[in-house]
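> structure here, sequence nowhere to be found:
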């Protein structure tokens, strides 16, 4: 072997060792705080006297009510995905191809619903379509406890997923390819169908799979708007765990959800790889043009109207209901401890949530950054690609199972954390890490490999290469990733509802508990807390938009 070849082989071995070293902490984190709690609750449900009762799986699936839950979960996810694509694709095109005043503001506005807690989304639609809501007052129309309220709320929540994922790629496709097809005689539609659509297909598929994933595992929205009539797998797991305490049924449902989510994530990883490797992209700033002609201006107006009605109206009604006839009365009531719903004044949930979210963000950024650096090379083997899929699992696996698993698994030394405040940030960080990875990974992969190789040839260690080559280029992406992690941690509900203590409630848990009690004051306080949570998330999102320079990431 020549000295040059030997040097390359040695550098490759050092790179592999460095990658495995970077993966060590994220793998340990997910093993202890994700895999172990989930396995513990599944084992608690399916093992009796040390013997696995796998026959319980067939018994649960034979129940008609369980089959109905499975059917509704799948059906509503498919319909929600189709509606979201139908409504959001025009918005993706407008934000990708049109340059107009207020474009960045519109981009930020359509992203706000995605970072809102699902509890706030459910509360906003309750204020719009529920009993005593705006539609009820104006026309006597109520949609709460109907599937339409759930579907509309899912479109509201996932609109940004399509706009970000599809629009980010659409803006980077070279429009000259479509123009060339038109010059050769193709109609506008034929040129779009034969040139642009095949290029967009991986991004559309990736967006559809993500929307399906989020709606398949929907909890907060269905819990609030579905009432006793509708239940997804996630809602049924919560009911079996916390109300009926049938852990065997909950364990079977968790395994079913886990298998479905694994298949979805495998498909998603495949579509993302196709999108990354099959296209030649251009700078998105060169493809946007001012709308031309009545048709394009009408399309822009239609998208703005859709955003105003579908995204802004529910939030505006939420704010209006937080005041109601009492003015600031509902907000003042948050400062008083009535001894009913909480052991403390509801307003303390704001400070609790902010503190937990800061701690969760720090954990998520450290774990997510290490994982992103380890995943930077696209030519990594199956082990690393499997690690990438592992990082996404917390977005789809039952948060209810994770939360209850924390209580069951982390109850003995040296991991007896049931009474520790860190339990909540750990659960929130599990949800934040995927957003950190998906935000940072496209930026890290955009760094020219030759810069890293040159630094390594000059004798720099992998740590020094990261510090002096990668970090200056991705510093802004780290801030954006931290902002997303903060927003999603602030709104985490599924796991936190189990582990947040009554004297330290988080904002989403406080909102859900207030909505679960009768009385106009409780309802008004829930609206007020939801408004506070919405404002905090919106401010964080607007700050992120000022920081963000790369638009190609999924979030």
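Yep, it's here. Given the structure is predicted, the values throughout are model-derived calculations rather than measurements.
> now do residue 54 against residue 33, distance only.
Residue 54 is 26 Å from residue 33, where distance means Cβ to Cβ, to the nearest Å. C-beta: built from backbone N, CA, C; applies to glycine.
> which one of these two has more residues nearby?
residue 33 (25 against 10; other Cβ atoms under 10 Å).
> in contact with that one, which residues?
Counting by Cβ atoms under 8 Å, 6 or more residues apart in numbering, residue 33 touches 406, 426-427, 430.
> of these, just the buried ones, ChimeraX syntax please.
Here is the ChimeraX selection string for the buried members of the contacts of residue 33, based on 16 or more other Cβ atoms under 10 Å:
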select :406,426,427,430
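> and the furthest pair within the contacts of residue 33?
By the measure Cβ to Cβ, 406 and 430 form the most distant pair in those, at 10.0 Å.
> list residues touching both of these two?
Taking Cβ under 8 Å, 6+ apart as the contact rule, residue 406 and residue 430 both touch 33, 495.
> surely residue 133 is in contact with residue 149?
No: distance between residue 133 and residue 149: 9.9 Å, which falls outside the contact criterion (Cβ atoms under 8 Å).
> who has more neighbours out of the two?
The neighbour count for residue 133 versus residue 149, taken as other Cβ under 10 Å, is higher for residue 149 (26 against 22).
> now do whichever strand or helix holds residue 256: which elements does it pack against?
Assessed by DSSP states H and E, residue 256 sits inside helix 247-277. Secondary-structure packing of helix 247-277 (3 or more Cβ pairs under 8 Å, 6 or more residues apart in numbering; DSSP states H and E): helix 36-46, helix 55-61, helix 64-97, helix 197-216, helix 233-238, helix 382-392.
> got the phi and psi for residue 172?
phi -100, psi 0 (degrees, to the nearest 10).
> pretty sure it contacts residue 287?
Yes: between residue 172 and residue 287 there is a contact under Cβ under 8 Å: 7.1 Å.
> the more surrounded of the two?
Here residue 172 and residue 287 are compared on neighbour count by other Cβ under 10 Å; more neighbours surround residue 172, at 21 against 18.
> so for the more buried one, what's the pLDDT?
Note on residue 172: pLDDT of 73.
> between helix 64-97 and the helix holding residue 256, find me the angle.
20 degrees (axes from the mean of the first three to the mean of the last three Cα atoms, to 10 degrees).
> can I see the domain layout of the chain?
The record assigns the chain these domain ranges, following automatic domain parsing: 9-53+327-555, 56-251+267-325.
> what residue is smack in the middle of this structure?
Using Cα atoms, centre = their mean, the residue of the chain that lies closest to the mean C-alpha position is residue 395, 6.5 Å off.
> the nearest residue to that one once chain neighbours are set aside and residue 258: what is the separation?
Leaving aside its sequence neighbours, residue 395 sits nearest to residue 434 (Cβ to Cβ, 6 or more residues apart in numbering; 5.3 Å). Between residue 434 and residue 258 the distance is 16 Å, computed by Cβ to Cβ.
> between the two, who's got more neighbours?
residue 434 (25 against 17).
> let me know whether my guess that that one is in a strand holds.
No: under DSSP: H, G, I helix; E, B strand; the rest coil, residue 434 sits outside any strand and is assigned helix.
> isn't it right up against residue 392?
Yes: in this structure, residue 434 is within contact of residue 392 by Cβ under 8 Å, at 5.1 Å.
> number of residues surrounding residue 529?
Neighbourhood size, residue 529 [other Cβ under 10 Å]: 29.
> what helix or strand is it on?
Secondary structure from DSSP H and E places residue 529 in helix 520-547.
> in that helix, which residues are buried?
521-534, 536-538, 540-542, 544.
> can you tell me how far residue 79 is from residue 259?
With Cβ to Cβ as the criterion, residue 79 and residue 259 are 22 Å apart.
> which of these two has more neighbours?
residue 79 (16 against 10).
> so what's that one closest to, chain neighbours aside?
Counting by Cβ to Cβ, 6+ apart, residue 151 is the residue found nearest to residue 79 once chain neighbours are left out, at 6.0 Å.
> surely that neighbour is in contact with residue 81?
No: the pair residue 151 and residue 81 fails to qualify as a contact (Cβ under 8 Å) at a distance of 10.2 Å.
> and the two? Which one has more around it.
residue 81 (25 against 20).
> my guess is that one meets residue 210, correct?
No: the criterion here is Cβ under 8 Å, and residue 81 misses it with residue 210 at 9.2 Å.
> the contacts of residue 33 in helices, which ones?
The helices, defined by DSSP state H, take in 406, 426-427, 430 from the contacts of residue 33.
> pLDDT of stretch 425-432, averaged?
90.
> phi, psi of residue 171?
phi -70, psi -20.
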